[in-house]
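Asks: Give me the fold of what follows.
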Amino acid sequence: MASGGGLHDIAYQALLSLDNSFGRILPHIKKFEELASRYRRKGNLDDLQQAIQQTQAAATATPLGHPLRGASLTNLFIALSWRFERLADVDDMRQAIFRAVRLGNLGSRLHTRFERTRDLGDLQQAIFLAEQALTATPLNHPYRSANLENLGYWLTSRFERLGDPDDLQQAILQSKESVALTPLDHPDRARRLNNVGITLYLRFGLSEDQDDLELAMLHTNEAVAVTPLGHPDRAHRLHNLGISLNARYERTGELADLQQAIVRVEEAIDATPLDHPTRVRRLNKLAQTLIWRYQNAGDPKDRERAVCYLKESTAAHYAPPAFRIDAALNLASILEKDMNWVDASKNTETAVNLLPHVSSRSLGHQDQQHMMKRYNGVASRSAALALQAGKSATDAVQLLELGRAVIANLQFETRTDLTELTEQHPLVATKFEQLRNDLEISNNQSLKSAEPTSPGPSRHVISLELDKTVDRIRHLPSFERFLLPPTANELMGAAGYMHPVVLINVHSLRCDALLIQQHRITSLKLPRLHITAIKAMLEWLQWLWNVMAGPILHELGFREAVTTDDWPRICWIPTGPLCMLPIHAAGYHCEMGSRTVLDRVISSYSPSVKALLYARRNEARQNKHTVSDKAVIVSMETTPKCTKLAFARKEIIELESLLPSSIPRVVLHKPKKEEVLASLSGCSIFHFAGHSHSHPSDPSMSTLLMSDWQKNPFTVKDFLTLKYHQNPPLLAYLSACSTGDNRDYKLLDEGIHLMGACQLAGFRHVIGSLWEVSDKHCVDVAREVYSTMIEAGMSRESVSLGLHHAILNLRDGSESMIDDPLIWAAYIHMGI
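Replies: The predicted model follows:
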């Protein structure tokens, strides 16, 4: 029992006779045990609520040093944990966590929180604690099997999160040893058998070794067999058995396995309380299995049941958002096959509205990336379905704004201008600012200790309080839209006169350009653009013109080449694989005429409309460069473990000669990271000439390579800690390879790269590259950019104009590069 075995009547009476204080405490403990036992048998939430009241009363009545204080606190910690598992109340988990610290059960509570929030830090800390506990447990100690069980289970979770086969192998070993040390009649044996079944099933997914699957089913079958009817964990084990049967059906095509899988999952659902979060996961699995049977046997009742279960799951507000998103997307897939675009659109819209909840501000950056990878492309799918269902272009844009660049949008929130709020409501503004600063500090802190010693606020607690503060602000007059996605009018406000914003949505269903102009938002269907049509360079640029860029410019009225220096401008917001492509270079460059983007407009890029609005707000804070601001110039002609850049020094010399003497400059040759960071404060221009590295799997670790990059890399994460939005610098010029590149295909819509990080830091304009650039030609491009900027008085338009001139010069100059767009098409501008 929760308190360690229950209080027999004789012992109860004996304790009552020893001390009057026992008379105040023991009735609460005994009542708690009765209620807790009934809750574990029947799952009635009222029993749990009353049990918590009883154990809180016992804990309150128990003074420090009292022999029953440990039992009271243990019971309270367990009950609060149960309620968190049931209702996901973060306050319950917070209280349970700090009691667990004192009672040595922190690991299991951290793992429980990880399962709900997906915060990797909690899981890593739980594994560390389990390893420490196992090391301290003698080989013949009765607790050793429990410690092995915990470590094996949590290593399994880490394998599912990070995919390291070594974690899975260790999990199998620990879980098997745990079972071997557990007596046949031990009540925990079933749970440990089930854990072995899970690990072997996961290894089957890696190895496709049928023996692993058969052994997994053997262990899970035994776990189910020894679990009594009515036991609260029976549903979980039945569900796992159903999953294994599904896997064997997929492997062998044996219909009997499919039928048994349905029966087992149905039994699991029947054994799950109606308001339990895991019910949704089981309903989703049953729906999937019924659809498989429908596809095999054609019984429409299976399909109808699947749709019914997915509708229930989508609407289940008590369930984790990820489960509801999965249900909504699965239901949309069924409806799409019926061409029921309206209902399919409603379900993907539900999924998009839930996306910010699975990548919340309470998670660290790596955890946010992990969650957004899982739902790559959902926003584009939702926008395509919205248009297919006859909804407006504005609806499609708003879905894309909500479901793309989710991580960046959270960063924008921490950089929100609070001037008006501070003037009208200074107290709540101060609280919001303090909380967002605390959250940022918490996100940047590494775990220095595996066992906290004081109940200081965690990132999750701060995030919860920040959410409450934001809700309070939205109830204030004139602040109803605080931190909400842009309205239609705000979207149109992102487009100035002759400066339209073009959001290009690509999806297998349909591709569309969403044209945001000063007074309207319209859509242009692009029937010749297909997501799978990727070609090689010059031919590809022509194709890109034909299927997308040409029709868009024609629709916007940009139909002729510009013959003066009064250029119209476009901000491109591509989605999906288009994020990797040079839309600004689309066209027929080898023929005389105007069928190119370069000859008709100046192009800029943005990851989202919200990012563009953020840049405009920064521009409004500082409308022009002030001569007192400095230029920070970094030259990395030689970099450890990299090829020498023979022209990097020349680039810096050219820049120094061009900048007026009125602009102070800090020139750093082969600096270390900390030197650069110290110099950036108060700068107006940051120019980097050197190497960069685009990380293949974690874009937040993409790096500008300073002299100490191997030990102390200057990453995207470092830029995100910089906050220059109150006095935003003019330009970050990254004269390096692939600074606008994100190599993780599943995170393309998040815009996580070095250029985007500079914009988030507060730089109003960023120049960088989509791929490798020529060291020699970087000098020519930089010279033209700065010459144009200085001639135009460092105006906001001069940056993109200077880059446009530079690209045209490379393409058409004395060393004409028309036939080699890899050289001249790589350079891009972000900003306004």
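
Asks: Just the strands from this protein, written as ranges.
Replies: 501-506, 511-516, 521-525, 569-574, 602-605, 630-635, 665-669, 683-689, 692-693, 703-704, 714-715, 731-735, 765-769, 827-831 (DSSP state E).

Asks: what number of residues lie near the nearest residue to E267 once chain neighbours are set aside?
Replies: Spatially, and ignoring its direct neighbours in sequence, E267 is nearest to L238 (4.9 Å; CB to CB, 6 or more residues apart in numbering). C-beta coordinates here come from the backbone N, C-alpha and C atoms, glycine included. Using other CB atoms under 10 Å, L238 has 25 other residues around it.

Asks: Now do L238, the pLDDT please.
Replies: We have a pLDDT of 96 for L238.

Asks: For the residue nearest the centre of the chain, give its distance to T788.
Replies: Nearest to the mean C-alpha position of the chain, counting by CA atoms, centre = their mean, stands Q368 at 2.6 Å. When distance is defined by CB to CB, to the nearest Å, Q368 is 38 Å away from T788.

Asks: what's the answer for Q260, then?
Replies: The value you get for Q260 to T788, if CB to CB is used, is 72 Å.

Asks: just to revisit the earlier point, could I get the strands of the chain as a markdown table with distance to A585?
Replies: Output for those, formatted as a markdown table (distance: least, CB to CB, whole Å):
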| stretch | distance to A585 |
| --- | --- |
| strand 501-506 | 15 |
| strand 511-516 | 17 |
| strand 521-525 | 20 |
| strand 569-574 | 11 |
| strand 602-605 | 9 |
| strand 630-635 | 28 |
| strand 665-669 | 32 |
| strand 683-689 | 23 |
| strand 692-693 | 21 |
| strand 703-704 | 25 |
| strand 714-715 | 29 |
| strand 731-735 | 19 |
| strand 765-769 | 12 |
| strand 827-831 | 9 |
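
Asks: got CSV for those strands, with mean pLDDT too?
Replies: Converted to CSV, these look like this (pLDDT from 0 to 100):
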stretch, mean pLDDT
strand 501-506, 94
strand 511-516, 96
strand 521-525, 96
strand 569-574, 95
strand 602-605, 96
strand 630-635, 95
strand 665-669, 94
strand 683-689, 95
strand 692-693, 94
strand 703-704, 96
strand 714-715, 96
strand 731-735, 96
strand 765-769, 96
strand 827-831, 95
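
Asks: how about TSV for the ones you listed, with distance to T596 and mean neighbour count added?
Replies: Shown next, in TSV, are those (distance: least, CB to CB, whole Å; neighbours: other CB atoms under 10 Å):
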stretch	distance to T596	mean neighbour count
strand 501-506	16	26
strand 511-516	17	24
strand 521-525	19	17
strand 569-574	13	25
strand 602-605	11	25
strand 630-635	33	23
strand 665-669	36	16
strand 683-689	29	25
strand 692-693	28	22
strand 703-704	32	23
strand 714-715	36	22
strand 731-735	25	27
strand 765-769	20	27
strand 827-831	15	26
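
Asks: which stretch among those strands comes nearest S178?
Replies: Proximity to S178 (CB to CB) singles out strand 714-715 among the strands of the chain, at 39.7 Å.

Asks: neighbour count winner among Q260 and T788?
Replies: Between Q260 and T788, counted using other CB under 10 Å, T788 has the larger neighbour count: 21 against 17.

Asks: What score does the closest residue to that one other than its chain neighbours have for pLDDT?
Replies: Leaving aside its sequence neighbours, T788 sits nearest to G802 (CB to CB, 6+ apart; 3.3 Å). G802 is assigned a pLDDT of 96 by the prediction.

Asks: that older thread, tell me how far the residue nearest to the centre of the chain lies from A383.
Replies: Going from Q368 to A383 by CB to CB gives 22 Å.

Asks: My read is that S608 contacts A405, right?
Replies: Yes: applying CB atoms under 8 Å, one finds S608 in contact with A405, separated by 4.2 Å.

Asks: okay, and the common contacts of these two?
Replies: Counting by CB atoms under 8 Å, 6 or more residues apart in numbering, the contacts common to S608 and A405 are G751.

Asks: coming back round to it: for the residue nearest to T788, what are its contacts?
Replies: 784-789, 792.

Asks: can I get the residues you listed in JSON lines with pLDDT?
Replies: Compiled in JSON lines, the contacts of G802 are given as follows (pLDDT from 0 to 100):
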{"residue": "E784", "pLDDT": "96"}
{"residue": "V785", "pLDDT": "96"}
{"residue": "Y786", "pLDDT": "96"}
{"residue": "S787", "pLDDT": "95"}
{"residue": "T788", "pLDDT": "95"}
{"residue": "M789", "pLDDT": "94"}
{"residue": "A792", "pLDDT": "89"}
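
Asks: List just the nearest of these to I767.
Replies: Nearest to I767 out of the contacts of G802 is V785 (CB to CB; 6.7 Å).

Asks: Nearest approach to A615 belongs to which of the strands of the chain?
Replies: strand 827-831 (5.4 Å).

Asks: residues in contact with the closest one?
Replies: Outside strand 827-831, the residues touching it (CB under 8 Å, 6+ apart) are 582, 584, 603-606, 615, 740, 755-756, 758-759, 763-770, 773, 781, 799-800, 803, 806-807.

Asks: ditto for stretch 650-658
Replies: With contacts defined as CB under 8 Å, 6+ apart, stretch 650-658 is touched by 631, 633, 635, 665, 667, 687, 689, 735, 778-779, 782-783, 786-787, 790.

Asks: What residues of it count as buried?
Replies: For stretch 650-658, a neighbour-count test (16 or more other CB atoms under 10 Å) marks 650-652, 654-655 as buried.

Asks: mean confidence for that stretch?
Replies: Mean predicted confidence for stretch 650-658 is 93.

Asks: Who wins on neighbours among the contacts of G802?
Replies: Tallying neighbours with other CB under 10 Å puts V785 at the head of the contacts of G802, with 29 neighbours.

Asks: my read: it touches I767, true?
Replies: Yes: applying CB under 8 Å, one finds V785 in contact with I767, separated by 6.7 Å.

Asks: before we move on, the earlier item: could I get the buried residues of stretch 650-658 in a markdown table, plus columns for distance to Q398?
Replies: Putting those into a markdown table (distance: CB to CB, whole Å) gives the following:
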| residue | distance to Q398 |
| --- | --- |
| K650 | 48 |
| E651 | 42 |
| I652 | 45 |
| E654 | 45 |
| L655 | 42 |
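
Asks: returning to that earlier point: need the residues touching each of V785 and I767.
Replies: 733, 799, 803.

Asks: Save the residues you listed as CSV, and put in distance to V358 too.
Replies: Shown next, in CSV, are the shared contacts of V785 and I767 (distance: CB to CB, whole Å):
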residue, distance to V358
Y733, 36
V799, 37
L803, 37
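
Asks: Which of those residues lies at the shortest distance from D417?
Replies: If you rank the shared contacts of V785 and I767 by distance to D417 using CB to CB, V799 comes first, at 22.3 Å.

Asks: ok, what's across the strand from the nearest residue to that closest one once chain neighbours are set aside?
Replies: Nearest residue to V799, sequence neighbours excluded (CB to CB, 6+ apart): H765, at 4.2 Å. Under the criterion DSSP bridges, H765 forms beta bridges with L731, G831.

Asks: contacting residues for H765?
Replies: 730-732, 796, 799-800, 829-832.

Asks: now M706
Replies: For M706, the contacting residues are 634, 636, 639, 670-673, 675-676, 690, 712, 714, by CB under 8 Å, 6+ apart.

Asks: just T487 next, same as before
Replies: By CB under 8 Å, 6+ apart, the contact list for T487 reads R481.

Asks: And it, how close does it get to P477?
Replies: For T487 relative to P477 (CB to CB), the value is 17 Å.

Asks: Low-confidence regions, the stretch 551-700 of the chain specifically.
Replies: Within the stretch 551-700 of the chain, the stretches with pLDDT under 70 are 620-628.
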